[in-house]
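Engineer: This is a predicted model, with the sequence first.
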Amino acid sequence: MSTVLRGASQLLADADVPNPDPDSAALLAHAWGIDASDLARKRLFGESVPAGVTEVFAQLVDRRRQRVPLQHIIGVAAFRHLELQVGPGVFVPRPETELLVTEVLEELDRQQNAHEGLVIDLCSGSGAITLSLATEHPRLAIIGVESEAEALNWSLKNLASVNLGDSRVELIRGDATRFADDRPDLWGRADVVVTNPPYVPDDAVPRDAEVREHDPAAALYGGSTGLEIPRLILLQAEKLLRPGGFFIMEHSEEQGPQACELIMSTASLRRAATYPDYTGRDRYTVAHRVTGVDL
């Protein structure tokens, strides 16, 4: 088995696949119909790979060499405690986005609301943030808003596969840049608005083929500077948040100062602060809606 994995890893490395060793192991486990721990046990005991599995594995490796995302090939993406179904038409969730969930959960603890918390996730995509919050918090109402039909379909599949406990989730097809305008019934009600919006500048084509060729453009590009769409979403969030409510937005490592400027230019969002991801790069900015301001 080790020989088979080494050969596959070399093929992937030659194709400039970023993580050839773990990708090879994941593909072999998928071809074999087993999980990572079973694969590790079989490798430890030197078991041979059956011929039929080797054939399927070779086909999967060839797709990965063509830079088809690993998650599209195996059909799932790990995100915090969840295994989300993903594929063409939906943005593959990234590890750094997990930090937004941590931040929201900590903020909800700080708020100590007597009422059932309301979170609105604008640009909810696969449902990664929405469903993580719903399954990790004892009792939340969460509205996930996604404009792309294919992405929404993936999130609905993921919703059907998780245990929400006492939380409630509503997934809506809607435009995050005008959602509040379409739903005045939600003005001033959200305890938290969270968003991982499209923030790549229109002319900044991503280096990685997996992103460039397979992530949907609607989930990537945020306008000429990358912040045109986030700015519109920010204004919608301001309307949705209650006084004292919390806003959190992911962005690129270069956009922290501009995100803070956008926040401070609003009528009611203040205390803007930017925080890093696992690699130490600026990744998300938070703010609170102040009291005593009428929109």
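Structural biologist: That came through fine.

Engineer: Go ahead and confirm Val104 touches Thr130.
Structural biologist: No. If you go by Cβ atoms under 8 Å, Val104 and Thr130 don't touch, sitting 10.6 Å apart. To be clear about C-beta, it is placed using only N, CA and C from the backbone, and glycine gets the same treatment.

Engineer: packing partners for the longest strand seen in the chain?
Structural biologist: Using DSSP state E to define each element, the chain has its longest strand at strand 241-250. When contacts are defined as 3 or more Cβ pairs under 8 Å, 6 or more residues apart in numbering; DSSP states H and E, strand 241-250 sits against helix 98-111, strand 190-195, helix 228-240, strand 282-289.

Engineer: ok, and which of those has the densest surroundings?
Structural biologist: Neighbour counts (mean count of other Cβ atoms under 10 Å) averaged over each of the helices and strands packed on strand 241-250 peak at strand 190-195, with a mean of 27.

Engineer: For the helix or strand following that one, list the C-alpha coordinates in CSV.
Structural biologist: As assigned by DSSP states H and E, the chain's next helix or strand after strand 190-195 is helix 209-214. Provided in CSV are the C-alpha atoms of helix 209-214 (Å, rounded to 0.1, in the frame of the first residue of the first chain):
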residue,chain,number,x,y,z
ALA,A,209,-6.6,26.2,-10.3
GLU,A,210,-9.0,24.6,-7.8
VAL,A,211,-10.3,28.1,-6.9
ARG,A,212,-10.0,29.7,-10.3
GLU,A,213,-11.7,27.0,-12.2
HIS,A,214,-14.1,25.4,-9.8
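
Engineer: ok, residues contacting helix 209-214?
Structural biologist: Residues from elsewhere that reach helix 209-214 (Cβ atoms under 8 Å, 6 or more residues apart in numbering): 67-69, 72, 88, 92, 205-206, 220.

Engineer: Same check on stretch 38-53?
Structural biologist: By Cβ under 8 Å, 6+ apart, the list of residues contacting stretch 38-53 from outside reads 1-2, 4-5, 25, 28-29, 31-32, 34, 57.

Engineer: Apply 10 Å and report the result again.
Structural biologist: By Cβ atoms under 10 Å, 6 or more residues apart in numbering, the residues outside stretch 38-53 that reach it are 1-5, 25-26, 28-34, 54-57.

Engineer: just the helices in the stretch 51-200 of the chain please.
Structural biologist: Remark: helices assigned in the stretch 51-200 of the chain by DSSP state H, counting those that start in this stretch are 51-65, 70-74, 98-111, 128-136, 149-160, 179-182.
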